[in-house]
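Asker: Provide a 3D model corresponding to the input given below.
(one chain, ligands or ions: 1)
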Amino acid sequence: MSNSIVLPETENHFFGDVCQFFDHAAQFTHLDAGLLDQIRSCNSVYRFRFPIRKGNGFEVIDAWRIEHSHHQSPTKGGIRYSEMVNEDEVMALAALMTYKCAIVNVPFGGAKGGIKINPKKYSEQELENITRRYTVELIKKNFIGPSIDVPAPDYGTGEREMGWIADTYATMNPGQGDALGCVTGKPIALHGIAGRREATGRGVAIATRECVSVAEDMKKLGLMPGITGKRVIVQGMGNVGFYSAKFLAEFGALIVGICEFEGAIYNEDGLDIDTVFEHRKATGSILGYPLTMQEFKNSGEGLEQPCDILVPAALENQITGDNIGRIQAKIIVEGANGPTSPEAEAIFTARGGIIVPDMYANAGGVTVSYFEWLKNLSHVSFGRINRRFEETASLNLVNMVEGLTGVALTPMQRATIVKGASELELVNSGLEDTMIRSYHEIRETYISNPKIDTLRTAAFVVAINKIAVSYKNLGVWP
Ligand code: NAD
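Answerer: As a prediction, this is how the structure comes out:
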């Protein structure tokens with residue numbers, strides 16, 4: 001099938017790459033070509049510019065919000081602040097959101113937003129002005145709302161920006177009871193949800209653990225099954241990279257390398273992620289971290305050091321035909337969106353490597369965003385209504401069993417059984433269940449047909465089939 005999107009020649013090819021993966025997988029779905037075209041295309045592309053005051057003058061800011069698919073409502077996807085943002089990139093990221101939501105059974109269409117700025121070059125006040133003005137532009141065109149399109153954090157944004165968006169939307173929509181459901185990834189005090197900040201990284205760690213737990217797949221790579229002792233290199237110490245490394249270490253993996261903008265550090269005995277983070281906060285760089293065995297001024301070299309698993313968690317197009325030959329990892333778990341080019345993937349998988357694809361691996365963020373949105377619409381935190389009731393019910397059961405058996409539990413045993421679940425425990429349990437189930441759904445599709453060459457192709461097949469069902473059920477109007 002031909003790619004109907006015409007891109008400016010100067011722009012990059014990220015959306016084209018996503019379409020290439022899509023088209024490859026589409027052959028295994030046997031769906032109508034027109035339906036496939038509808039699924040693959042970006043439905044609504046909103047490109048706009050607005051001025052801000054900068055010093056004594058003005059500056060014009062370029063921005064986008066792109067809704068890729070409306071087979072489910074609302075649409076959902078993060079907002080990126082980066083000097084490198086362009087239309088092609090936002091289209092690609094919006095498309096990945098559509099497939100990601102389908103894979104983890106989150107009932108949203110895909111969307112993405114971008115503002116072409118380097119946030120480090122603006123004061124907090126200027127960033128607040130930019131964020132609020134961006135939100136107003138979205139409101140004007142009906143590109144935001146709890147039932148319309150719900151942004152979230154992405155590269156260069158976080159809870160602070162989501163708080164500004166929520167406040168702007170609520171202010172502009174007085175009396176709308178569900179207004180705070182217009183954005184997720186908010187601070188907890190502004191009706192965010194426990195566990196959202198670390199959700200993407202936690203999901204990446206669970207995805208990795210699930211992948212390495214399959215003995216027959218590990219045997220083909222010459223690795224022992226299980227996460228314990230697996231050597232991992234992580235690229236990016238932002239939200240996704242930091243929490244991926246932290247939870248992987250908690251699960252028993254050894255973080256041997258960390259790559260950031262300014263360079264990379266490596267220690268085959270393992271690096272302590274919290275102290276590396278503190279060191280960077282204090283000095284502005286990961287370089288110079290005292291417990292490093294090797295450091296590299298060229299960050300890319302860090303990716304090429306000995307390890308079992310590489311977790312790119314910074315930006316797209318980091319593993320390409322240029323460096324894939326030097327990558328020593330046997331497994332790549334894509335924390336970032338689009339970090340591996342199609343050419344690199346073909347080379348890596350031809351030599352037996354496994355890639356756990358972005359649209360599944362980093363779907364923990366949108367999964368917990370979904371929980372946050374549900375919390376905002378129901379206006380009650382998870383566990384609040386049933387926690388005490390469940391504790392009392394468990395206590396009654398424990399008392400009854402003790403009475404019948406004559407065996408008394410220790411206070412610790414009693415506390416463990418009786419304790420009701422907190423919001424964080426419920427969120428983490430929902431996240432873990434989603435990540436585990438989705439991995440095996442993808443893997444089963446992968447092994448069901450020898451022609452399905454990669455987990456990414458399988459993930460696309462799973463996603464496309466689910467989206468097609470939605471479109472078929474909706475029919476075509478008028
Ligand atoms: P972030 O802004 O919190 O962190 C990104 C980090 O990567 C920064 O520390 C930056 O300095 C570093 N970095 C940039 N270029 C680099 C390079 N060339 N080498 C090494 N490090 C580099 O962003 P984030 O939210 O962690 O997002 C990272 C990736 O994960 C993006 O692709 C994003 O789309 C994806 N993602 C994020 C979320 C989320 O919930 N935040 C969810 C799904 C996917």
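
Asker: Just give the number of residues close to the closest residue to the ligand within the stretch 101-250 of the chain.
Answerer: Relative to the ligand, the nearest point of the stretch 101-250 of the chain is Gly238 (1.6 Å; CB to the nearest ligand atom). For glycine as for every other residue, the C-beta is placed from the backbone atoms N, C-alpha and C. Neighbourhood size, Gly238 [other CB atoms under 10 Å]: 18.

Asker: ok, now Gly321?
Answerer: Neighbours around Gly321, by other CB under 10 Å: 12.

Asker: So it is in contact with Ser341, correct?
Answerer: Yes. With contacts counted by CB atoms under 8 Å, Gly321 reaches Ser341, the gap being 6.6 Å.

Asker: list the contacts for Pro74?
Answerer: By CB atoms under 8 Å, 6 or more residues apart in numbering, Pro74 lies in contact with 108-109, 145-150.

Asker: now do Tyr81
Answerer: Counting by CB under 8 Å, 6+ apart, Tyr81 touches 114-115, 117-119, 155-157, 161.

Asker: Close to the ligand: what parts of the stretch 251-400 of the chain are there?
Answerer: 259-261, 299, 313-315, 335-337, 362, 365 (CB under 6 Å from any ligand atom).

Asker: brain fart, the stretch 101-250 of the chain
Answerer: Within the stretch 101-250 of the chain, the positions lying close to the ligand (CB under 6 Å from any ligand atom) are 153-156, 200, 235-241.

Asker: one more time with 5 Å
Answerer: Counting by CB under 5 Å from any ligand atom, the residues of the stretch 101-250 of the chain close to the ligand are 153-156, 200, 235-240.

Asker: Tell me the helices and strands packed up against the host helix or strand of Glu301.
Answerer: Here Glu301 sits within helix 299-302, counting by DSSP states H and E. Applying 3 or more CB pairs under 8 Å, 6 or more residues apart in numbering; DSSP states H and E, one finds that helix 299-302 makes contact with strand 231-235, strand 254-260, strand 263-266.

Asker: Please enumerate the helices of the stretch 301-450 of the chain.
Answerer: Per DSSP state H, counting those that start in this stretch, the stretch 301-450 of the chain carries helices over the ranges 342-350, 358-361, 364-378, 387-405, 411-418, 423-448.

Asker: hang on, the earlier thing: just put the residues of the stretch 101-250 of the chain next to the ligand in CSV and tack on secondary structure.
Answerer: Compiled in CSV, these are given as follows (DSSP: H, G, I helix; E, B strand; the rest coil):
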residue, secondary structure
Pro153, strand
Asp154, coil
Tyr155, coil
Gly156, coil
Thr200, helix
Gln235, strand
Gly236, coil
Met237, coil
Gly238, coil
Asn239, helix
Val240, helix
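
Asker: Out of those residues, which two are the most distant from each other?
Answerer: Pro153 and Gln235 (18.7 Å; CB to CB).

Asker: before we move on, the earlier item: buried subset of the contacts of Pro74?
Answerer: Buried members of the contacts of Pro74, counted by 16 or more other CB atoms under 10 Å: 108-109, 145-146, 148-150.

Asker: Columns pLDDT and secondary structure on top of those residues, output as a markdown table?
Answerer: Formatted as a markdown table, the buried ones among the contacts of Pro74 follow (pLDDT from 0 to 100; DSSP: H, G, I helix; E, B strand; the rest coil):
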| residue | pLDDT | secondary structure |
| --- | --- | --- |
| Phe108 | 98 | coil |
| Gly109 | 98 | strand |
| Gly145 | 98 | strand |
| Pro146 | 98 | coil |
| Ile148 | 98 | coil |
| Asp149 | 98 | strand |
| Val150 | 98 | strand |
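
Asker: per-residue pLDDT, Trp477?
Answerer: With respect to pLDDT, Trp477 has a value of 88.

Asker: Secondary structure class of it, three-state.
Answerer: Note that with three-state DSSP, the state of Trp477 is coil.

Asker: what do you get for Gly288?
Answerer: Assigned with three-state DSSP, Gly288 falls in the coil class.

Asker: most distant residue from the middle of this structure?
Answerer: Gly406 (50.2 Å; CA atoms, centre = their mean).

Asker: From the centroid of the chain, which residue is nearest?
Answerer: Asn362 (3.3 Å).

Asker: got a list of what that residue touches?
Answerer: 100, 200, 203-204, 240, 313, 334-337.

Asker: cool, Lys76 as well?
Answerer: Going by CB under 8 Å, 6+ apart, the list of residues near Lys76 reads 97, 101, 106, 108-111, 149-152, 184, 366, 369-370.

Asker: Which one of the residues you listed sits in the busiest neighbourhood?
Answerer: The contacts of Lys76, ranked by neighbours (other CB under 10 Å): first place Ala111, 35 neighbours.

Asker: Look up phi and psi at Ile66.
Answerer: phi -130, psi 130 (degrees, to the nearest 10).

Asker: Check the spacing between the closest residue to it other than its chain neighbours and Ile464 real quick.
Answerer: With sequence-adjacent residues excluded and distances taken as CB to CB, 6 or more residues apart in numbering, Ile66 is closest to Ala94, at 4.3 Å. The spacing between Ala94 and Ile464, counted by CB to CB, to the nearest Å, is 16 Å.

Asker: out of the two, which sits in the busier spot?
Answerer: Ala94 (31 against 23).

Asker: What strand or helix carries the more buried one?
Answerer: Using DSSP H and E, the element containing Ala94 is helix 87-103.

Asker: contacting residues for Lys219?
Answerer: Here Lys219 is in contact with Pro225 (CB under 8 Å, 6+ apart).

Asker: how about it, secondary structure?
Answerer: With three-state DSSP as the basis, Lys219 sits in helix.

Asker: Tell me the pLDDT of it.
Answerer: 98.

Asker: Return the set of buried residues in the one helix or strand Phe48 maps to.
Answerer: Using DSSP H and E, Phe48 falls within strand 44-54. Under the neighbour-count criterion of 16+ other CB under 10 Å, strand 44-54 has 44, 46, 50 buried.

Asker: Could you do stretch 151-163 as well?
Answerer: Buried residues in stretch 151-163, counted by 16+ other CB under 10 Å: 151-157, 159, 161-163.

Asker: again, but for stretch 351-359
Answerer: Those would be 353-359, for stretch 351-359 by 16+ other CB under 10 Å.
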